[in-house]
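In: Got a sequence here, can you build the structure:
(chains A, B and C)
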Amino acid sequence: MEQGNVISLTEMLRRAVWAGSLTPEQMARVEAEVAERFAPAGSYVCRKGDPVDHWIGVVDGLLKMSSDSPEGKTVTFTGMLNGGWFGEGSVLKTEPRKYDVVALRDSRLAFMPRTTFEWLLDNSIPFNRFLLLQLNERLGVFISLVEYDRMLDTDTRVARCLGTLFNPYFNPGRQRTLQISQEEIGYLCSTSRQRANQALQVLEKAGLLRVDYGSITILDVDGLRTFGN
DNA sequence: GCATTAACAGCCG
DNA sequence: CGGCTGTTAATGC
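Out: Below is the predicted model:
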């Protein structure tokens, strides 16, 4: 299907951008305290309102951040691919989880305890710098979310949505191919499966990605992020 | 007009 | 067979 290499938790941690500048002692503690958990496809990784005890990374899998309104409507904010980390906002503020996280397929996750996270905050300037940049990047994403939700046509929304998903900042794994159904792309981009299919064909003709069944391959992330301008 | 839903046939694993 | 895909027709905002 795709590259069948199985990455270990340790390997994933060592490749993490934020791990690059840690001292060997700091890295040893991280490796000792971060635990791997398995989330089957369709299961909740965490739910809105849960206490936040961990910073969570994706070793191998695909997650969806979403929220259900009382009326039963689901709003998806974004997805998370291999190598991505999330939840730092709620760990920093000591607040309950603000959204649901669902595994869209079988996923292996890395759970860093809040104590480890806070210890890194107190002891590593590069770690702080990484968080600052990631938070800043997210801010940009959410500002443009509000903007394009109101202004852009669906093809462009899907392009931006995929551009965000493959934003090298959140997805440092050089992953280009993603096993995902068009129905799930619809969920991620807040549109119907049929309309997502249509948008994908437009983007494929524009040379920005390639569509196969059950998967897409990103060819031009920057093109997706600027599509429609 | 544009998007969503429903329905269906074809295809892949 | 079961899930995914590409299309079309009906319906709604």
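In: quick one, domains of chain A?
Out: What automatic domain parsing lists as the domains of chain A is A:1-123, A:152-229.
In: Show me which positions of the lowest-mean-pLDDT helix or strand in chain A end up buried.
Out: The helix or strand of chain A with the lowest confidence, counting by mean pLDDT, DSSP states H and E, is strand A:74-80 at a mean of 83. Within strand A:74-80, the residues scored as buried using 16 or more other CB atoms under 10 Å are A:Thr76, A:Phe77, A:Thr78, A:Gly79, A:Met80. In short, each C-beta sits where N, CA and C put it, glycine included.
In: And stretch A:63-76, by the same measure?
Out: A:Leu63, A:Lys64, A:Met65, A:Ser66, A:Thr76.
In: Return the distance of A:Gly228 relative to A:Thr164.
Out: Note on A:Gly228: its distance to A:Thr164, by CB to CB, to the nearest Å, is 14 Å.
In: oh, I was asking about A:Phe86
Out: 13 Å.
In: Show me which of these two is the more surrounded one.
Out: The residue with more neighbours, out of A:Phe86 and A:Thr164, is A:Thr164; 26 against 21, by other CB atoms under 10 Å.
In: and the closest residue to the more buried one other than its chain neighbours, helix, strand or coil?
Out: Nearest residue to A:Thr164 in three dimensions, chain neighbours excluded: A:Val141, at 5.5 Å (CB to CB, 6 or more residues apart in numbering). Put simply, A:Val141 is helix when judged by DSSP: H, G, I helix; E, B strand; the rest coil.
In: residues from chain A in reach of DNA strand B?
Out: Neighbours of DNA strand B within chain A, by CB under 7 Å from any atom of the strand: A:Asp153, A:Thr154, A:Ser190, A:Thr191, A:Ser192, A:Arg193, A:Gln194, A:Arg195, A:Tyr213, A:Gly214.
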